[in-house]
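*Asks:* Sequence and predicted structure are below.
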Amino acid sequence: MLVIHKISELQSQLQREREQGHTIGLVPTMGALHDGHASLVKRSVSENDVTVVSIFLNPTQFNDKADLERYPRTLEADCRLLEQCGAQIAFAPSVEEIYPEPDTRTFSYPPTDSVMEGAMRPGHFNGVCQIVSKLFYYTNPDRAYFGEKDYQQIAVIKRMVADLGFKFSIVPCPVIREESGLAMSSRNTLLSAEEHTLAANIYRVLKESLTLDCSVQQTQDYVVRNINAIEGLKVQYFSIVDGDTLAEVSSWQDAESIVGCITVFCGSKPIRLIDHIRYK
Ligand code: PAF
């Protein structure tokens, strides 16, 4: 596997691949890779001749400096995992390489980027669009792979792809869960063993809510009440939304696809965990 740090080197390598008629899959990541990422990489490897995995902890999407500072950094282990998954290129640029000048572009795709994570983390999706659009320009992939764990992020990126006129496909990949049901996330490494056990309740309650036969409002109340009842967990928001536009729904008839998106603070640090469940 090639480990590339410079944009120009990435572009010339991909140019050579394209001249040979090879297709290119892109998997954008911020490193601290786990089995969830591995599933995206393996999917890309099975569908493309060349898989590029970017490893870049993008500062512009962090509105909280402390969150950026404590984000795990594990480049060597990441590269080992990517080799095992069969990726051909790891692209690990420096911040200066990506942002030689501050990126002043703004992206706005309401309501996808203004609700939920967009409301709680102002500027977050703008930063995501800045880095993801750059990665799209550098690689011009045939397919780009994103985990459905960050459900809202995919909705925003789809809007950006349509807006900027990119022609390749975005491939959403299912959430990979730990045995306990906890959605895999790089942030899980920051949880103690006890917090891990607590955090598993998030998906348990979400799944229980699928079996209720009641209104959107009652479902929402059920999830919030039952998660908040567990000491060490505190729901930041739980929104039941149209699965495409992410606009809130008030009845199960309001949209063709309906998803419940949740963010929960876990433990005393606390660690912020996100998850979602599909109702229809
Ligand atoms: O999902 C992530 O890890 C990041 O938001 C992404 C898409 C790699 C952009 O930095």
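*Replies:* Yep, that arrived. Computed from a prediction, not measured in an experiment: that's the story for all the values here.
*Asks:* give me the number of residues near Arg80?
*Replies:* Arg80 has 13 neighbours, counted by other CB atoms under 10 Å. From N, CA and C alone the C-beta is placed, and that goes for glycine too.
*Asks:* host element of it?
*Replies:* Using DSSP states H and E, the element containing Arg80 is helix 75-85.
*Asks:* Check Val235 too.
*Replies:* Taking DSSP H and E as the criterion, Val235 maps to strand 233-242.
*Asks:* got it, and Cys129?
*Replies:* Using DSSP H and E, Cys129 falls in helix 124-139.
*Asks:* try Glu101
*Replies:* Here Glu101 is assigned to no helix or strand, by DSSP H and E.
*Asks:* Next up, phi/psi of it, please.
*Replies:* phi -130, psi 150 (degrees, to the nearest 10).
*Asks:* Within range of the ligand, give me the residues from this protein.
*Replies:* Residues of the chain lying near the ligand by CB under 6 Å from any ligand atom: 28-30, 58, 61, 128, 131-132, 150, 153.
*Asks:* now with 8 Å?
*Replies:* Residues of the chain lying close to the ligand by CB under 8 Å from any ligand atom are 28-30, 54, 56-58, 61, 127-128, 131-132, 135, 146-147, 150, 153, 157, 186.
*Asks:* Please flag which of those residues sit within helices.
*Replies:* Judged by DSSP state H, helices contain the following of the residues of the chain next to the ligand: 127-128, 131-132, 135, 153, 157.
*Asks:* residue of the stretch 51-200 of the chain with the smallest distance to the ligand?
*Replies:* Nearest residue of the stretch 51-200 of the chain to the ligand, counting by CB to the nearest ligand atom: Asn58, 4.0 Å away.
*Asks:* quick one, phi/psi of that residue?
*Replies:* Main-chain torsions, Asn58, degrees, to the nearest 10: phi -80, psi 110.
*Asks:* That one: what's it in contact with?
*Replies:* 30, 98, 127-128, 130-131 (CB atoms under 8 Å, 6 or more residues apart in numbering).
*Asks:* Over to Pro111?
*Replies:* Contacts here follow CB under 8 Å, 6+ apart; on that basis Pro111 touches 245-247.
*Asks:* what's the closest of those to Leu40?
*Replies:* Nearest to Leu40 among the contacts of Pro111, counting by CB to CB, is Leu246 at 21.9 Å.
*Asks:* Tell me how far the closest one lies from Asn63.
*Replies:* Going from Leu246 to Asn63 by CB to CB, to the nearest Å gives 19 Å.
*Asks:* The two: which has the busier surroundings?
*Replies:* Per other CB under 10 Å, whichever of Leu246 and Asn63 has more neighbours is Leu246, with 25 against 14.
*Asks:* Just the pLDDT for the more buried one.
*Replies:* The model reports Leu246 with a pLDDT of 98.
*Asks:* Ok, Gly260 next?
*Replies:* Looking at Gly260, its pLDDT is 98.
*Asks:* For stretch 176-194, measure first residue to last.
*Replies:* 21 Å (CA to CA, to the nearest Å).
*Asks:* circling back: buried sites along the strand holding Val235?
*Replies:* Within strand 233-242, the residues scored as buried using 16 or more other CB atoms under 10 Å are 233, 235, 237-242.
*Asks:* Likewise for stretch 260-280?
*Replies:* So, applying 16+ other CB under 10 Å, buried residues of stretch 260-280: 260-264, 266-267, 270-277, 279.
*Asks:* In CSV, please show the C-alpha coordinates belonging to that stretch.
*Replies:* Extracted in CSV, the C-alpha atoms of stretch 260-280 (Å, rounded to 0.1, in the frame of the first residue of the first chain):
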residue,chain,number,x,y,z
GLY,A,260,-34.9,8.8,14.6
CYS,A,261,-31.6,10.5,15.3
ILE,A,262,-30.1,10.7,18.7
THR,A,263,-27.1,12.2,20.6
VAL,A,264,-26.4,11.1,24.1
PHE,A,265,-23.8,12.3,26.6
CYS,A,266,-22.2,9.3,28.3
GLY,A,267,-20.2,9.3,31.5
SER,A,268,-18.6,12.1,33.4
LYS,A,269,-16.1,13.4,30.8
PRO,A,270,-18.7,13.2,29.1
ILE,A,271,-18.4,11.5,25.7
ARG,A,272,-20.9,12.5,23.0
LEU,A,273,-22.3,9.5,21.2
ILE,A,274,-24.6,9.5,18.2
ASP,A,275,-26.9,6.8,16.7
HIS,A,276,-30.1,6.4,14.8
ILE,A,277,-32.9,4.0,14.0
ARG,A,278,-35.1,3.6,10.9
TYR,A,279,-38.8,3.5,11.6
LYS,A,280,-39.8,3.2,7.9
